[in-house]
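>>> I would like the atomic coordinates for the input below:
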Amino acid sequence: MPKHSETRALPYTPEQMFDMVADVRRYPEFLPWVTAMRVRQDSETETVADMIVGFKGLRETFTSRVKKQRPEAIHVEYVDGPLKYLYNDWRFRDDGKGGCLVDFTVDFAFKNRMFEMLAGQVFSVALRKMIGAFETRAAVLYSASTAGPGSSSSSAHSAA
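All right, here's what the predicted structure looks like:
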């Protein structure tokens, strides 16, 4: 059952980071392995969407409810798919210097034992790739008006 928590200091505002993470329709444009998103419903406070993920011939659909508390938090609730459970939280805090601290936590387990073993073997590499994709996306969207991702720092805690 992979679990990971991390805090990143980024040179973007909490509002910018909130908007980018909440825009799930755009995930296939920048997140590795996300091949499509189907948004079932969307409002200011909640989105329900299907994320289609493909990796080495495997293809799975995950349905999640994304609860949004602008601009400080996003909580992802698992609805349906190949997982037993998924807990995913994003917190966006002003760092007092024009940027923000992003607290990210993910904890999940697959229903299928084979997927669970596979996930355990590649979890940290895949997670670093996904986190990097979010940081790169923020730089693409917001670097024209900010310092860019080079000034980020991180402290990570991980357990698998």
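>>> element containing the residue nearest to Thr45 when sequence neighbours are not counted?
In this structure, Thr45 finds its nearest non-sequential neighbour in Lys68, 5.5 Å apart by CB to CB, 6 or more residues apart in numbering. Quick note: C-beta positions are derived from backbone N, CA and C, even for glycine. Per DSSP states H and E, Lys68 falls inside strand 58-69.
>>> in that strand, what's buried?
Glu60, Phe62, Ser64, Val66, Lys68 (16 or more other CB atoms under 10 Å).
>>> Pick the one among the residues you listed closest to Phe134.
Set against Phe134, the nearest of these by CB to CB is Val66 (14.6 Å).
>>> which ones are touching that closest one?
The neighbourhood of Val66, defined by CB atoms under 8 Å, 6 or more residues apart in numbering, consists of Ala22, Val24, Glu46, Thr47, Val48, Ala49, Ile74, His75, Val76, Glu77.
>>> Taking these, please make a PyMOL selection of just the buried ones.
Only the buried entries of the contacts of Val66 go into this PyMOL selection, using 16+ other CB under 10 Å:
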select buried, resi 22+24+47+48+49+74+76
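>>> ok, back up a step: what's the mean pLDDT across the strand holding Lys68?
Averaged over strand 58-69, pLDDT sits at 95.
>>> Output the contacting helices and strands for the helix or strand following that strand.
Counting by DSSP H and E, the next helix or strand C-terminal to strand 58-69 is strand 73-80. Where contact means 3 or more CB pairs under 8 Å, 6 or more residues apart in numbering; DSSP states H and E, strand 73-80 is packed against helix 14-22, strand 58-69, strand 83-94.
>>> Can you lay out the buried residues of strand 58-69 as a markdown table showing distance to Gly96?
Formatted as a markdown table, the buried residues of strand 58-69 follow (distance: CB to CB, whole Å):
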| residue | distance to Gly96 |
| --- | --- |
| Glu60 | 41 |
| Phe62 | 36 |
| Ser64 | 32 |
| Val66 | 28 |
| Lys68 | 24 |
